[in-house]
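Undergrad: got a structure for you, letters missing:
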């Protein structure tokens, strides 16, 4: 069930619910966003959609929200629950073509692709396989070896308050932030990171300040979804939690709750305790609008003020990621 809500004539939200669903839970969000009118579209067989639609219509009526249209769509046809005129809404449904027409054309021009089902969309965030995976694994190992050499003398327990450790963190964070901005610009221009650069950015994101810089940069450009989807697929699966969470943030910002949910699944499969994924998951489940979160998201200067100067402890997640597999298993 897709619910599109308007505050007067202004689009306030668009969300997707799996059927069957407890649609009364949607009402606090509609009220919070001052929704006065909705368009409802249920996808699937009548035996599934019609009972859900009846529930939604009753809920909307109880809360005095006007339903502008309520449709069921299946196999290239749609039926209206509000119109029974055979001239415009015949019993056999109205055929439509979701692969042509002005809406589809505009979507393609803006880089949007329609997938036949949720499973097809899910495959776009699954880890890459075959030669691409082999090449990325080799690049990741080489990048990790270089970082281990650079950090060989660093011991966070001993230098947690030390100027030397803080200086090293400052350098690594500054370099990581620069790579984040360069990568966003590259994808905005239609480019793509090579394997060594992709693996290096994956390690950068282990540092929370670098990841939060990427999060604060999310805007309306499709480059954010393209970049973080690419890294979600290409990074080693256990490295993917930050990139997948950033993909979720970018997808949610764009109003694509389905992609956001799939990205969060990937993030939590990589790290079940990853806090950013849990935070975004709660926001998506509670239908907090992306606009609301954007208004609370600090910009890079505010991040610096909130987090303070670089600290050696910021490197601990990176050091954990750099442990050889055998050592990581023993530590766990």
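TA: In hand now; what should we look at? Everything numeric in this text was worked out from a predicted model, so none of it was measured.

Undergrad: how about residue 14, secondary structure?
TA: The assignment at residue 14 comes out as strand when based on DSSP: H, G, I helix; E, B strand; the rest coil.

Undergrad: name the element the spatially most central residue of the chain belongs to?
TA: Centroid check for the chain by Cα atoms, centre = their mean gives residue 248 as the closest residue, at 1.2 Å. In this assignment (DSSP states H and E), residue 248 forms part of helix 241-253.

Undergrad: angle of the helix or strand following that helix against helix 241-253?
TA: Downstream of helix 241-253, the next assigned helix or strand under DSSP H and E is helix 257-270. Calculated by axes from the mean of the first three to the mean of the last three Cα atoms, to 10 degrees, helix 257-270 forms an angle of 170 degrees with helix 241-253.

Undergrad: Could you name the helices and strands sitting against the helix or strand just after helix 257-270?
TA: Next helix or strand after helix 257-270 toward the C-terminus (DSSP H and E): helix 275-285. Identification of packing neighbours for helix 275-285 by 3 or more Cβ pairs under 8 Å, 6 or more residues apart in numbering; DSSP states H and E yields helix 241-253, helix 257-270. To be clear about C-beta, it is placed using only N, CA and C from the backbone, and glycine gets the same treatment.

Undergrad: ranges for the strands of the protein?
TA: If DSSP state E is used as the criterion, the strands of the chain fall at 2-7, 10-16, 37-43, 66-74, 77-80, 94-95.

Undergrad: neighbours of residue 129, just the number please.
TA: By other Cβ atoms under 10 Å, the residues close to residue 129 number 9.

Undergrad: same thing with residue 66?
TA: If we define neighbours as other Cβ under 10 Å, then residue 66 has 11 of them.

Undergrad: For residue 127, see how far away it is.
TA: 45 Å (Cβ to Cβ, to the nearest Å).

Undergrad: tell me the contacts of residue 144?
TA: Going by Cβ atoms under 8 Å, 6 or more residues apart in numbering, residue 144 touches 199, 203, 322.

Undergrad: Now with 10 Å, please.
TA: With contacts defined as Cβ atoms under 10 Å, 6 or more residues apart in numbering, residue 144 is in contact with 199, 200, 202, 203, 236, 239, 321, 322, 323, 324.

Undergrad: That one and residue 7, how far apart?
TA: Residue 144 sits 50 Å away from residue 7, going by Cβ to Cβ.

Undergrad: what do you get for residue 121?
TA: Taken as Cβ to Cβ, the span from residue 121 to residue 7 is 29 Å.

Undergrad: Of these two, give the one with the bigger neighbour count.
TA: residue 121 (17 against 14).

Undergrad: wait, isn't the more buried one in contact with residue 257?
TA: No. Using Cβ atoms under 10 Å as the test, residue 121 is too far from residue 257 to be in contact (11.6 Å).

Undergrad: Mind giving me the packing neighbours of the longest helix seen in the chain?
TA: Criterion DSSP state H: the longest helix present in the chain is helix 163-188. Applying 3 or more Cβ pairs under 10 Å, 6 or more residues apart in numbering; DSSP states H and E, we find helix 163-188 packed against helix 130-150, helix 156-159, helix 195-204, helix 208-217, helix 223-234, helix 300-307, helix 316-322.

Undergrad: Least confident of the ones you listed, on average?
TA: Comparing mean pLDDT across these, the lowest value falls on helix 156-159: a mean of 46.

Undergrad: so what are the domain limits for the protein?
TA: Listed by automatic domain parsing, the domain ranges of the chain are 2-96, 130-331.

Undergrad: circling back: I'd like the contacts of residue 144 as JSON lines, with neighbour count and distance to residue 59 appended.
TA: What follows is the contacts of residue 144, written out as JSON lines (neighbours: other Cβ atoms under 10 Å; distance: Cβ to Cβ, whole Å):
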{"residue": "199", "neighbour count": "26", "distance to residue 59": "49"}
{"residue": "200", "neighbour count": "22", "distance to residue 59": "50"}
{"residue": "202", "neighbour count": "25", "distance to residue 59": "44"}
{"residue": "203", "neighbour count": "24", "distance to residue 59": "48"}
{"residue": "236", "neighbour count": "18", "distance to residue 59": "45"}
{"residue": "239", "neighbour count": "23", "distance to residue 59": "43"}
{"residue": "321", "neighbour count": "19", "distance to residue 59": "46"}
{"residue": "322", "neighbour count": "18", "distance to residue 59": "52"}
{"residue": "323", "neighbour count": "15", "distance to residue 59": "51"}
{"residue": "324", "neighbour count": "12", "distance to residue 59": "55"}
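
Undergrad: Perfect, I'm done here.
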